[in-house]
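Q: Need coordinates for the following:
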Amino acid sequence: MVKWDAGAHKKLVYAGLCALCWAIWLSRNDIVFRKSQKQTCLQILFRATYLARMWMPLQKEEDRDIISTACRVMESTAMEIFARNGWQFSNRLCL
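A: Numbering: from 1, shown residues only. I've put the predicted structure just below:
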């Protein structure tokens, strides 16, 4: 089990927020420049976790397990919350 200390992992939280902002930006660019469909909240979240995992090799060795666990927990928690509240996974995020 990975121990979480928010103060000690402040940079990782910022990296995760950057990944989320970057995923939103990329999704917006896809809609504007590639004329793609609007993406669901989960698609954007999964894109953010993909980016966070892609950036893992750039992080410290001891932080990689925390990043991997955080991504997995975030994905499963989001899917569970959306499913419990009757969210249709085909709903699109309006940007």
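Q: Sketch out the low-pLDDT regions of the chain for me.
A: Per-residue confidence of the chain (counting by pLDDT under 70) places the weak regions at 1-8, 87-95.
Q: go again using 90 as the cut-off
A: Counting by pLDDT under 90, the chain shows low-confidence ranges at 1-19, 35-43, 55-71, 73-95.
Q: could I get the longest helix anywhere in it in CSV with only the CA atoms?
A: When the chain is parsed with DSSP state H, its longest helix is helix 10-33. Output of helix 10-33 as CSV, limited to C-alpha atoms (Å, rounded to 0.1, in the frame of the first residue of the first chain):
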residue,chain,number,x,y,z
LYS,A,10,2.7,18.7,-3.7
LYS,A,11,4.7,18.6,-7.0
LEU,A,12,2.9,15.4,-8.0
VAL,A,13,-0.5,17.0,-7.4
TYR,A,14,0.6,19.9,-9.6
ALA,A,15,1.8,17.5,-12.2
GLY,A,16,-1.6,15.8,-12.2
LEU,A,17,-3.4,19.2,-12.5
CYS,A,18,-1.2,20.1,-15.4
ALA,A,19,-2.0,16.8,-17.1
LEU,A,20,-5.8,17.5,-16.6
CYS,A,21,-5.4,21.0,-18.0
TRP,A,22,-3.4,19.7,-20.9
ALA,A,23,-6.0,17.0,-21.6
ILE,A,24,-8.8,19.7,-21.7
TRP,A,25,-6.7,21.8,-24.0
LEU,A,26,-5.9,19.0,-26.4
SER,A,27,-9.6,18.0,-26.4
ARG,A,28,-10.6,21.6,-27.2
ASN,A,29,-8.0,21.7,-30.0
ASP,A,30,-9.4,18.4,-31.4
ILE,A,31,-12.9,19.9,-31.5
VAL,A,32,-11.8,23.2,-33.0
PHE,A,33,-9.1,22.2,-35.5
